[in-house]
Structures are given as C-alpha cells and as structure tokens.
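Trainee: need a structure here:
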Amino acid sequence: FRSHLEGTAPEMWSQSGGKIDGFVCSSGTGGTISGCSQFLKAVNPSCQIYLIDAPGSGYRPYLLGGDVNTQMVMGEPVDFIERSPGSSINEGIGIGRLTHNFKQARIDGVFAGPDAETVEMA
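Mentor: Numbering: from 1, shown residues only. Alright, predicted model coming up:
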C-alpha cells in the first residue's frame, strides 16, 4: 500500500503532468489500488477509480453490496457456498478474502474481467 501511495501514484501523476482523470487496475491483496486511489483522490477528487475483478475473486460482489463470499447471479449478489477463491490465471489477482489494504481503497466502480480478455489485452 505505502509504496504505491508514496511511489507509484506520485510517479504516474508527475509523468502525466497532473492529468489523470481515471485509474483502472485489478487487485490481489489491494496494495496497488488502495495506494494509488488514495493518492489520486487526494490530488484530484474527481478522478474515477475502477477495479477490474477476476473470476472467483470476492471483491466485485463485496463492492456491489455483498461480501467476499458472495457471487453474482443474474446481476444480483447471492451467497454461494461452493466457490473457487482466487481462480484467475493471472498470478496474484483475485483472492477470496477481504484484506486490510483493500479496505483502504477509494473505488468508484467495478467491472468483471474474464481471464480470456485480460490475456488478450496483455
């Protein structure tokens, strides 16, 4: 968290000439999105922060009003007993527990990010 708050985000802000209106990333333990979102919201309160959440992760359901043990069915959060936490093929992304780091993030919205799309974009 701290390295992104004091390093990554200020570097992005500086290199962009202070012109960042939005930030999108995925999350594992939450350090990147929480550190970057805290910094960016401090220097530009209207900056929009979005999470791209991996399949099997608990963050998207949590942000949509459920908890990390909730899955989405037909757009609605529902408790789901059999779930595969952290099932993304992207290393370190999409965990099945809520971390202290992630709780500090200032997120405006969340999208589902299927593995196939993330591989294609990379």
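
Trainee: alpha carbons only for contacts and neighbour counts from here, please
Mentor: Noted.

Trainee: SS state for the spatially most central residue of the chain?
Mentor: Geometric centre of the chain, nearest residue: Leu51, 3.4 Å, by C-alpha atoms, centre = their mean. Put simply, Leu51 is strand when judged by DSSP: H, G, I helix; E, B strand; the rest coil.

Trainee: that one bridge partners, please.
Mentor: Beta bridges link Leu51 to Cys25, Val110 when assigned by DSSP bridges.

Trainee: distance from stretch 21-31 to the middle of the chain?
Mentor: 4 Å (C-alpha atoms, centre = their mean, to the nearest Å).

Trainee: list of residues touching it?
Mentor: 1-2, 4, 33, 37, 44, 46-54, 92-95, 99, 101-103, 105 (C-alpha atoms under 8 Å, 6 or more residues apart in numbering).

Trainee: swap in stretch 103-117?
Mentor: The contact list for stretch 103-117 (C-alpha under 8 Å, 6+ apart) reads 30, 33-35, 37-38, 41, 48-55, 60, 63, 88-90.

Trainee: let's see that with 10 Å instead.
Mentor: Residues outside stretch 103-117 that contact it (C-alpha atoms under 10 Å, 6 or more residues apart in numbering): 1, 22-26, 29-41, 47-57, 59-61, 63-64, 87-90, 121.

Trainee: distance between it and the chain's centre?
Mentor: 4 Å.

Trainee: give me the below-cutoff pLDDT ranges for the chain.
Mentor: For the chain, residues meeting the criterion pLDDT under 70 lie at 67-92, 118-122.

Trainee: which one's the longest helix in it?
Mentor: When the chain is parsed with DSSP state H, its longest helix is helix 31-43.

Trainee: helices along this protein, start to end?
Mentor: 2-3, 9-15, 31-43, 59-63, 100-103, 115-121.
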